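**Student:** Below are the sequence and a predicted model; questions follow.
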Amino acid sequence: MKLTSLRVITKDIRPSVQFYEKVTGLTARWYTEDFAELSAGTITIAIGSLRTMKLFGGNPATPAGNKNTIIEFMVPDVDESYERIKTLTNDIIQEPTTMPWGNRSLLFCDPDGNLINFFTPVSDEAIKKFS
C-alpha cells in the first residue's frame, strides 16, 4: 500500500487552492473547475469542491468539519515560514514553538479551518529521524 494523497473538501475551491499555493510555494494543477492537486514530492494535496462529493454517492465529507487531523509539512526553517504565513492568515493557532519530541512547530488553519502544521526538526534525535 502507498499513501498518495490527502484530499481537502472545500465550499469555495479557488480561494482554498490559492491559499495552499501561497503557503507551500507549489503550483496547483487544475483537472476540472472542481478539482485541483498540488504535488509535494511523495504526497499530493488534492482539493475538491463540495460538488465532487456527489460523485462518491452523497455527501460523506463536510468542509470545515475536521478538527482531529493535522496536515503536516516539514520545512527548512519554520521561523522563516512563519514570517510569510502570518501575512496569509489570521488563524495562527500556535506561533513557532519547540515541541518535546524535538520539532519546532507552527500550527495554523486553512480557509476552511483545517489544521496545518509546518515543522522543522531541531533536536539531534528529530534531525536523525528525518534524514
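**Tutor:** Yep, it's here. Numbering: from 1, shown residues only.
**Student:** Strands of this structure, start to end?
**Tutor:** Applying DSSP state E to the chain gives strands spanning 5-10, 29-32, 35-39, 44-49, 70-74, 92-98, 103-109, 115-121.
**Student:** For those, could you give me JSON lines that also reports mean pLDDT?
**Tutor:** Supplementary listing: the strands of the chain in JSON lines, determined by pLDDT from 0 to 100:
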{"stretch": "strand 5-10", "mean pLDDT": "90"}
{"stretch": "strand 29-32", "mean pLDDT": "96"}
{"stretch": "strand 35-39", "mean pLDDT": "96"}
{"stretch": "strand 44-49", "mean pLDDT": "90"}
{"stretch": "strand 70-74", "mean pLDDT": "92"}
{"stretch": "strand 92-98", "mean pLDDT": "97"}
{"stretch": "strand 103-109", "mean pLDDT": "96"}
{"stretch": "strand 115-121", "mean pLDDT": "95"}
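**Student:** Can you convert these into JSON lines and add a column each for mean neighbour count and distance to residue 84?
**Tutor:** C-betas here are computed from N, CA, C, even on glycine. Shown next, in JSON lines, are those (neighbours: other C-beta atoms under 10 Å; distance: least, C-beta to C-beta, whole Å):
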{"stretch": "strand 5-10", "mean neighbour count": "18", "distance to residue 84": "20"}
{"stretch": "strand 29-32", "mean neighbour count": "12", "distance to residue 84": "22"}
{"stretch": "strand 35-39", "mean neighbour count": "19", "distance to residue 84": "16"}
{"stretch": "strand 44-49", "mean neighbour count": "20", "distance to residue 84": "18"}
{"stretch": "strand 70-74", "mean neighbour count": "15", "distance to residue 84": "13"}
{"stretch": "strand 92-98", "mean neighbour count": "14", "distance to residue 84": "12"}
{"stretch": "strand 103-109", "mean neighbour count": "20", "distance to residue 84": "10"}
{"stretch": "strand 115-121", "mean neighbour count": "21", "distance to residue 84": "10"}
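**Student:** I'd like these as CSV, with distance to residue 21 appended.
**Tutor:** Below are the strands of the chain laid out as CSV (distance: least, C-beta to C-beta, whole Å):
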stretch, distance to residue 21
strand 5-10, 13
strand 29-32, 11
strand 35-39, 7
strand 44-49, 10
strand 70-74, 13
strand 92-98, 19
strand 103-109, 16
strand 115-121, 13
